[in-house]
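>>> Pasting a predicted model and its sequence here:
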Amino acid sequence: MVGIVLASHGGFADGIAESAQMLFGPQDNFAHVILKPSEGPDDIKGKMNEAIASFADQEEVLFLVDLWGGTPFNQANGLLDGHDKWAIVSGLNLPMVVIGVVAVILALLQKDDNVQAV
């Protein structure tokens with residue numbers, strides 16, 4: 001199952017995560033991390049590592065970050081080495097997160113033998 005990490009400068013990822021949880025409820029393998037003004041690259045990288053470590057399955061991870069080339073993007077990019085099923089998408093927004101969560105839910109439903117096509 002794909003784990004999703006939202007990452008941003010400031011509280012943006014927290015707000016997007018809160019909105020997504022209002023729509024879907026709490027999700028497994030879903031985390032959000034922020035870079036505060038008083039923090040540096042190592043801080044958000046550590047938060048990303050902690051988020052991934054909390055996932056039941058760490059084989060597939062999708063980082064949804066706010067800005068291409070920004071610190072959250074760069075630190076996520078540094079974590080990709082050796083993980084061919086990890087990816088980064090920049091331009092974080094709520095519709096992007098909705099699509100990601102729905103894709104994970106649909107993948108889980110397809111794996112469930114008790115679910116029949118409608």
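Structure received.

>>> So, low pLDDT: which residues of the chain?
Filtered on pLDDT under 70, the chain yields the residue ranges 113-118.

>>> helices and strands around the biggest helix by length in it, which ones?
Assignment by DSSP state H gives helix 94-111 as the longest helix of the chain. The contact analysis (3 or more Cβ pairs under 8 Å, 6 or more residues apart in numbering; DSSP states H and E) places helix 94-111 against strand 2-9, helix 12-24, strand 60-65. Placement of C-beta: from N, CA and C, glycine included.

>>> Parallel or antiparallel, list what pairs with the first one.
What it means is strand 2-9. Looking at strand 2-9 with DSSP bridges, its partner strands are strand 30-35 (parallel), strand 60-65 (parallel).

>>> What residues of the last one count as buried?
Within strand 60-65, the residues that count as buried by 16 or more other Cβ atoms under 10 Å are Glu60, Val61, Leu62, Phe63, Leu64, Val65.

>>> Output those in a markdown table, with distance to Phe24 appended to each entry.
Shown next, in a markdown table, are those (distance: Cβ to Cβ, whole Å):
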| residue | distance to Phe24 |
| --- | --- |
| Glu60 | 19 |
| Val61 | 19 |
| Leu62 | 15 |
| Phe63 | 19 |
| Leu64 | 15 |
| Val65 | 20 |
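
>>> rewinding a little: just the buried residues of the longest helix of the chain, please?
Val97, Gly100, Val101, Val104.

>>> Grab the nearest non-local neighbour of the first one.
Distance criterion Cβ to Cβ, 6 or more residues apart in numbering; nearest residue to Val97, sequence neighbours excluded, is Ala20 at 4.8 Å.

>>> Could you check how far the one you found is from Gly82?
According to Cβ to Cβ, to the nearest Å, Ala20 stands 29 Å off from Gly82.

>>> and these two? which has more neighbours close in?
Between Ala20 and Gly82, counting by other Cβ atoms under 10 Å, Ala20 is the more crowded of the two (21 against 6).

>>> Just confirm the more buried one contacts Leu92, I think it does.
No: taking Cβ atoms under 8 Å as the definition, Ala20 is not a contact partner of Leu92, at 11.0 Å.

>>> quick revisit: which among the buried residues of helix 94-111 gets closest to Asp112?
Val104 (12.9 Å; Cβ to Cβ).
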